[in-house]
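>>> Give me a 3D structure for the following:
(2 chains)
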There are 2 protein chains.
Amino acid sequence: MSTMGASASVCYNEPMPTFNDSTLLRFAERVLVAVGAPTSHAETVADHLVGANLAGHDSHGVIRLPQYRAHVREGKIDPAANPRILKESPTTALLDGNMAWGQVVAKMATDLAVERSRKYGTAAIAVRNCYHIGRVGVYALDAARAGLIAQIFCNAHGVARVAPWGGTDAKLATNPIAIAVPRRGEPVLVDITTSVVAEGKVRVAKLGGNDIPEGWILDSDGKPTTNPADLYEGGTILPFGGAQGHKGYGLGVTVDLLGGVVTNAGCGFMTKSFGNGVLFQTVDPAAFDESDAFLDRVEEYLEYLMESATLPGVAEILVPGDPELRVRDARKESGIELSSGVLEHLEELATELGVEGP
Amino acid sequence: MSTMGASASVCYNEPMPTFNDSTLLRFAERVLVAVGAPTSHAETVADHLVGANLAGHDSHGVIRLPQYRAHVREGKIDPAANPRILKESPTTALLDGNMAWGQVVAKMATDLAVERSRKYGTAAIAVRNCYHIGRVGVYALDAARAGLIAQIFCNAHGVARVAPWGGTDAKLATNPIAIAVPRRGEPVLVDITTSVVAEGKVRVAKLGGNDIPEGWILDSDGKPTTNPADLYEGGTILPFGGAQGHKGYGLGVTVDLLGGVVTNAGCGFMTKSFGNGVLFQTVDPAAFDESDAFLDRVEEYLEYLMESATLPGVAEILVPGDPELRVRDARKESGIELSSGVLEHLEELATELGVEGP
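Got it, this is the predicted structure:
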């Protein structure tokens, strides 16, 4: 049930339709079951999508449902499939995602990494044939909530938007890295693309008719540009790092090597099939010290950082991952806003699938 | 034997004194033995220092010998000490460096990581009480030459030059990350500080009376400055990333958490003792696929990257790690140049220790 009906006449000055997270969760589950997902898969995927909305990453939220449905129809997702282990040792595994929901595959990989590193101190799980896993940081957080240090290298293949340093051709995807470290309360989370920005932000600027900051993209001639449309006319996104973009490039290459080459998932335009290749690594801090002593030190270190004086206009030093937590708390309270355009798409989807709208 | 005698009158227009690497290697070994290192330790440390000169990183080369000798005298290095294992499992170990030579400690950690990940697929080795290990990438390369993927997170403590994102106090060190991936021939190597630049580059500009580029440092008021002297008057180096400096900050925090907090080595100014806290992680790609197939894919991927068209003035796309290899090849051939100032210091050191000069 929506807290506000969909209306084609909603304009930008009116308040946006707002939903609480459990309403969206149930809606997403209905859609996913209707396209063929077993209930447990639907719950896993819905939880991930609405979690992205809660964290403020709407581009990875329920807005994806129409795309996911289209990809099920095109055979890019097998909605009832399960990943399977192709090769394993006590501390490692290679998973074939079987083109199941990416979130289902990534959850299995995370669970395996947690279980094995708890037993043996460290683990590495490689994943191929895997559809879009969504927000990489979520899996790192899950492992860190279970007490482990987690590192995830997630490439995308079948797609590329990012130029190598010094180059003008799109060769790499935005290739994120997520690292989470346990903390009392919610873990520390670094969850970054190795490009200056995610492609979605350029697309949003283009749709809104806005310029983008200099330093985000090059046009097809390799010239800096602030016109987002240039990206879609043969342009490229730059590796992150500004004048030190060779560092972002190096990290992006690392993500392809670990996520795409080690796993044999593929990289960039080297393969046509779209998906994520992923390497999950976990380390148990208990291999080195008592848990309480470790967690005490984490708090002491974060306090030490936050004691820094701040620049004018900066209220406080933030721990990586804190901004998302604050948005989540706010949205748990006040709900998740969807633009009327997004809502219309979701209502249409519901009608087509014969399920109740959000 | 020097190829050119030391001379106080050498000026900048004369060719710099040049040495071949084996000459410098034997000199460094003589110095290290004279300050109390057993022969095998002296060989390890000398090899590392001259290797840094060969790779073009002169700030980490034989220029360090006078400082190392001073630190032995001050008790910051125990020149005959060996690291020992404090806690271990088949796949993990915590090493007490016993304030031995950092290179000796890091070599033991690397050897342990290689041996254990070959046997069990993956390994994580934590190091505390460790003096300066030098160039972090060297250990990642050693592990990758042995066929393993290596990730090294190396903090420094007892020192801090880098501000947290949005802050004006020096809280973090330049905290490098090194990642190496096996390749036929020399491995791919990403070896980056999480700050915009290493402190040494700012120092060199200051000594040379040169400005530094904007975006490197803030002065004590948090204002951008191009005067390198401002760093030493309460200024700070920025995390790398340009406008996306929150990403470099996140990675710098990760290095402290993994290198300094997990290991209990300490972070930044939270401890007075100077040294490196390090986490070494290795993964055996053979856990997932045949070695030949993996190495084929690495080559195919690197070729795919290098096919990119280039920006005007860029001759070719480089594989991370290649620039150092090219310098090494050139210096193996034509020798290593030392400024007359550096050479004078090394000659003085030799005289004081009663060993033959370079």
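
>>> Identify the residue of chain A closest to chain B, quick one.
The minimum distance from chain A to chain B, using Cβ to the nearest Cβ, falls at A:Gly242 (2.2 Å). Just so you know, the C-beta spots here come from the backbone N, C-alpha and C atoms, and that holds for glycine as well.

>>> Grab the nearest non-local neighbour of that residue.
Distance criterion Cβ to Cβ, 6 or more residues apart in numbering or on different chains; nearest residue to A:Gly242, sequence neighbours excluded, is B:Gly242 at 2.2 Å.

>>> Report the contact partners of that neighbour.
Residues in contact with B:Gly242 (Cβ atoms under 8 Å, 6 or more residues apart in numbering or on different chains) are A:215, A:240-244, B:215.

>>> What segments of the stretch 51-200 of chain A are strands?
A:84-89, A:92-96, A:122-128, A:149-157, A:176-181, A:188-193 (DSSP state E, counting those that start in this stretch).

>>> Mind putting the ones you listed into TSV with mean neighbour count, distance to chain B and mean pLDDT?
Formatted as TSV, these follow (neighbours: other Cβ atoms under 10 Å in any protein chain shown; distance: least, Cβ to the nearest Cβ, whole Å; pLDDT from 0 to 100):
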stretch	mean neighbour count	distance to chain B	mean pLDDT
strand A:84-89	14	5	98
strand A:92-96	23	4	98
strand A:122-128	30	4	98
strand A:149-157	29	7	98
strand A:176-181	27	5	98
strand A:188-193	25	4	98
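
>>> so can I have TSV of these showing distance to A:Thr225?
What follows is these, written out as TSV (distance: least, Cβ to Cβ, whole Å):
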stretch	distance to A:Thr225
strand A:84-89	44
strand A:92-96	40
strand A:122-128	36
strand A:149-157	23
strand A:176-181	24
strand A:188-193	19
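
>>> what residues does the stretch 101-250 of chain A put near chain B?
Proximity of the stretch 101-250 of chain A to chain B (Cβ under 8 Å from any Cβ of the partner chain) is limited to residues A:120-124, A:126, A:149, A:151, A:163-169, A:171-172, A:179, A:181, A:188, A:190, A:192, A:196-197, A:213, A:215, A:222, A:240-244, A:246-250.

>>> residues near A:Glu74, how many?
Neighbourhood size, A:Glu74 [other Cβ atoms under 10 Å in any protein chain shown]: 8.

>>> mind checking how far it is from A:Val35?
Distance of A:Glu74 to A:Val35, given as Cβ to Cβ, to the nearest Å: 12 Å.

>>> now do A:Thr271
25 Å.

>>> A:Val196 too?
34 Å.

>>> The two - which one has more neighbours?
Per other Cβ under 10 Å, whichever of A:Val196 and A:Val35 has more neighbours is A:Val196, with 27 against 19.

>>> Kindly list the main-chain dihedrals of the more buried one?
Main-chain torsions, A:Val196, degrees, to the nearest 10: phi -60, psi -50.

>>> OK, contacts around it?
So A:Val196 contacts A:215-217, A:237-240, A:248, B:243-244 (Cβ under 8 Å, 6+ apart).

>>> How about A:Pro66?
Per Cβ under 8 Å, 6+ apart, neighbours of A:Pro66: A:345-346, A:348-349.

>>> Tell me how far it lies from A:Leu325.
For A:Pro66, the distance to A:Leu325 equals 29 Å [Cβ to Cβ].
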